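A.B. asks: here are the coordinates; sequence isn't available:
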């Protein structure tokens, strides 16, 4: 009877633990948007989330890990097989733009990326997340190879560098455009990349 009661208490305690974790994540995102990464402290998060610092440290050893955990809660991009590379890359872009409409996420990734350049601790925590964000683009490029749409020896990592590099320039440094305008603009980049990959294969 005593053992059964303890098990029941553990089951009842788990939702409270999940609620506390969500409160910490929510507080982290709120504070990031209010004061940026530099202004964020675990003490502020604990106060906002009504949690102890010990509770935060048990789950996330540093504020860098906590910030990356918070950003990682946003939905991942899902690669779909649409029959051609340009449509598939455009679909990923639409998903990305929709996600970036969130007031909590808009402008946060560029800020963290800039901070990463001179913060080794943030770089160590953030880099695996940034690396994982490349995987949907890798997937659609592999699909294009399987269809014979692009050469089998395509340098996938270089192609992803081009796609994401131009994307960052367009999103964060070019003039403001609507979602549809951004997709239309980037489709030209994807088509240019596709022509270049095919031309390179023809010359070999």
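C.D. replies: That came through, no problem. Quantities reported herein were computed from a predicted structural model and do not represent experimental measurements.

A.B. asks: Any regions of the chain where pLDDT drops low?
C.D. replies: The model of the chain has pLDDT under 70 over residues 1-16, 103, 106, 172-178, 200-204.

A.B. asks: which stretches of this protein form helices?
C.D. replies: Per DSSP state H, the chain carries helices over the ranges 2-35, 42-49, 53-59, 63-71, 85-100, 108-116, 120-132, 135-147, 156-172, 179-203.

A.B. asks: Give me whichever of the ones you listed is most buried.
C.D. replies: Counting by mean count of other CB atoms under 10 Å, helix 63-71 has the highest mean neighbour count of the helices of the chain, with a mean of 21. For every residue, glycine as well, the C-beta is placed using N, CA and C.

A.B. asks: ok so, going back, I'd like the helices of the chain as CSV, with distance to residue 77 appended.
C.D. replies: As requested, the helices of the chain are exported to CSV (distance: least, CB to CB, whole Å):
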stretch, distance to residue 77
helix 2-35, 19
helix 42-49, 27
helix 53-59, 26
helix 63-71, 14
helix 85-100, 5
helix 108-116, 13
helix 120-132, 10
helix 135-147, 4
helix 156-172, 12
helix 179-203, 14
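
A.B. asks: In terms of residue numbering, what are the domains of this protein?
C.D. replies: Per the record, the chain has its domains at 2-71, 85-203, by automatic domain parsing.

A.B. asks: what's the offset of the longest one from the middle of its chain?
C.D. replies: Pointing back at domain 85-203 there. How far domain 85-203 lies from its chain's middle: 11 Å, per CA atoms, centre = their mean, to the nearest Å.

A.B. asks: Same check on the first one?
C.D. replies: Computed by CA atoms, centre = their mean, the separation of domain 2-71 from the middle of its chain amounts to 20 Å.

A.B. asks: wait, what's in contact with residue 112?
C.D. replies: By CB atoms under 8 Å, 6 or more residues apart in numbering, the residues touching residue 112 are 37, 67, 71, 122, 126.

A.B. asks: Fine by me, we can end here.
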